[in-house]
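# Build the 3D model from these lines:
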Amino acid sequence: MIYLEASALWAMYYGEPGGDNVIWLLNNYECYTSEWSILELSRAVSKRYNQGEITKREADALNIFILADIEKLTRENKLKLTKVTWNLIKKAYHLIFPLNLYASDALHLSTALHYKTKIMFVDDFHFTRLKDKIKKPKILSITENKKNIQKILSK
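Sure, this is the predicted structure:
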């Protein structure tokens, strides 16, 4: 199982480095993300608007597009959304202090751990700094070379 943390999905929607890898993963592998990612993506749009990177009209259009695209990806079984449950929240709670994580990052990690994810793709320093602390799931930057991703996934 491949887990796409919200920052990896954002790379695809905002045209950032690694976005092409997300599209490739969605088209070729079983990918999951938390329902929480939808809220994080909306916050990312809001942040870009508040920083003056995009207009209100562009922000509204991007929010509508993201929501419609996620619904399409789930209908096509390219992306599966996992529920935010009390059990996952409790697991996340116990990850925050020892790993110095933000609550949303702890929720993503607890979800990936719960579903026995092989690889968790991120575009977030808070996760990439954990590579040596967490062995499973393997945490990879979404900007990783595609050949390296294929090699790791084939194991």
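
# check contacts around the closest residue to Tyr115 other than its chain neighbours.
In space, and not counting its chain neighbours, Tyr115 is closest to Met1: 5.8 Å by C-beta to C-beta, 6 or more residues apart in numbering. (Each C-beta comes from the backbone N, C-alpha and C, glycine too.) Residues counted as contacts of Met1 (C-beta atoms under 8 Å, 6 or more residues apart in numbering) are Glu30, Tyr32, Tyr115, Lys116, Thr117, Lys118.

# List the buried residues in the least confident helix or strand in the chain by mean pLDDT.
Averaged element by element with mean pLDDT, DSSP states H and E, the chain has its least confident helix or strand at helix 125-128 (a mean of 72). Buried positions in helix 125-128, judged by neighbour count with 16 or more other C-beta atoms under 10 Å: His126, Phe127.

# State the mean pLDDT of the helix or strand just after it.
Beyond helix 125-128 on the C-terminal side, the first helix or strand identified by DSSP states H and E is strand 138-141. For strand 138-141, mean pLDDT is 90.

# what are the pairing partners of strand 138-141, and which direction each?
Under the criterion DSSP bridges, strand 138-141 sits next to strand 119-122 (parallel) in its sheet.

# and for the partner strand, what are the contacting residues?
Residues from elsewhere that reach strand 119-122 (C-beta under 8 Å, 6+ apart): 2-5, 7-8, 21-22, 25, 108-109, 112, 127-128, 137-142, 152-153.
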